[in-house]
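Asker: With the sequence up front, the predicted model follows.
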Amino acid sequence: MRLFHHGNTESRKHGRLAASLVCSGLVLFLLAGCGKPAGNAGGKMIVAASIAPLADFCKQVGGDWVKVEMLVPPGSNPHVYQIEPDQMAMLSKASVLVLNGVNLEFWADNVINAADNPKLIVVRTADGLRILDHSEGEGAAGNPHVWVDPVNAIHQVENIRDAFVKADPPHAAHYRANASRYIGKLRKLDADIRAEVADFKSKSFVAFHPTWVYFAHQYGLVEAANIEQSPGKEPSPQDIARAVDTAKRLKAKAIFTEPQMSPKAAEVVADEVGAKVLILDAFGKPPGYDYIETMRENLRVMAEALK
């Protein structure tokens, strides 16, 4: 069968041109799909991050090329949070899942399996860090609050950068440049904290939860006692009595608690020793959360109690 049996030479030229345009369009369509990350929203790579500090790191590294979805909402305790069905749907399309690790996201393995997304790159940002053990803060898996130390945060940003480069190679230079710029700001934060802490008269403090152990280790402080011994478990009378004894011995002027935790136990301890309850926020308050500004505010609160 001849397609142009009634046409002349000019018709055949038009036919060849049309076929060429169709083929060219198909090639361009196929090429346009090459190199794109698995999850894509309006040209942006979809990235899921477990908590606000990690979400901010992702935004700083990804810039205009990523759409960051935070899993644990403001005010929720990541130790006990349960993933919602709509978040599962998002994870099935995401390119990267950014976790802290060290069992902060106890739900991670089950959620990753249920998402059924073979192209999902999972990065546990605490991998490669020295993890403090039970005697220095938290349960058998170690203390997960690594990000409150800006030096550790630099390591986490580097792990996020590497995951983005792997998921989206065409924008690798963009991710590397953004990460380098942000790491410079984190180094400045680290230097400022060292200068401020050097003037603290008291180096020991009492906290509701062992959140600030990494910060204390990095800057020569001591988190001397915690009221809550296990995440999500109400402190016992023995836990409170132990914290009271330590706070009295230290002549603590403040008991540090967190907005995600009930303040009642901290208030009991503070009343017993004549101290104030002050709030340190490790997880932040999105929207508009900024890790560096949040850490500077935490430093200001610490200085109020320890200078």
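Answerer: Sure thing, it's come through. Note that the structure is a prediction, hence the values are computed from the model and not measured.
Asker: Which strand or helix spans the residue minimising distance to the centre of the chain?
Answerer: Nearest to the mean C-alpha position of the chain, counting by Cα atoms, centre = their mean, stands Leu54 at 1.7 Å. Here Leu54 sits within helix 52-62, counting by DSSP states H and E.
Asker: got the angle between the helix or strand just after that helix and helix 52-62?
Answerer: Following helix 52-62 in sequence order, the next helix or strand is strand 66-70 (DSSP H and E). Counting by axes from the mean of the first three to the mean of the last three Cα atoms, to 10 degrees, strand 66-70 lies at 180 degrees to helix 52-62.
Asker: Now strand 66-70: average pLDDT?
Answerer: The pLDDT scores in strand 66-70 average 97.
Asker: For Phe215, which non-adjacent residue is spatially closest?
Answerer: Nearest residue to Phe215, sequence neighbours excluded (Cβ to Cβ, 6 or more residues apart in numbering): Val148, at 4.6 Å. Bear in mind the C-beta positions are built from the backbone N, C-alpha and C, glycine included.
Asker: do you know how far that neighbour is from Pro78?
Answerer: According to Cβ to Cβ, to the nearest Å, Val148 and Pro78 sit 13 Å apart.
Asker: And the helices in the stretch 151-300 of the chain, which stretches?
Answerer: Using DSSP state H, counting those that start in this stretch, the helices of the stretch 151-300 of the chain run over 172-197, 213-219, 237-250, 264-273, 291-306.
Asker: closest to Asp86 out of these?
Answerer: Closest approach to Asp86 among those (Cβ to Cβ): helix 291-306, 25.7 Å.
Asker: Kindly export the closest one (C-alpha atoms) in CSV.
Answerer: Extracted C-alpha coordinates of helix 291-306, given in CSV (Å, rounded to 0.1, in the frame of the first residue of the first chain):
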residue,chain,number,x,y,z
TYR,A,291,17.5,26.1,61.9
ILE,A,292,20.2,28.8,62.5
GLU,A,293,17.8,31.4,63.9
THR,A,294,16.2,28.7,66.2
MET,A,295,19.6,27.7,67.5
ARG,A,296,20.5,31.3,68.2
GLU,A,297,17.3,31.7,70.2
ASN,A,298,18.1,28.5,72.1
LEU,A,299,21.5,29.9,72.9
ARG,A,300,20.0,33.1,74.2
VAL,A,301,17.7,31.1,76.5
MET,A,302,20.7,29.0,77.8
ALA,A,303,22.6,32.2,78.4
GLU,A,304,19.7,33.6,80.5
ALA,A,305,20.1,30.6,82.9
LEU,A,306,23.8,29.9,82.8
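Asker: which secondary structure elements does that helix contact?
Answerer: Helices and strands touching helix 291-306, by 3 or more Cβ pairs under 8 Å, 6 or more residues apart in numbering; DSSP states H and E, are helix 52-62, helix 172-197, strand 204-207, strand 254-257, strand 276-279.
Asker: can you pull the contacts of the closest residue to Pro263 other than its chain neighbours?
Answerer: Spatial nearest neighbour of Pro263, excluding adjacent residues (Cβ to Cβ, 6+ apart): Thr257 at 5.3 Å. Thr257 makes contacts with 207-209, 263, 266, 277-280, as judged by Cβ atoms under 8 Å, 6 or more residues apart in numbering.
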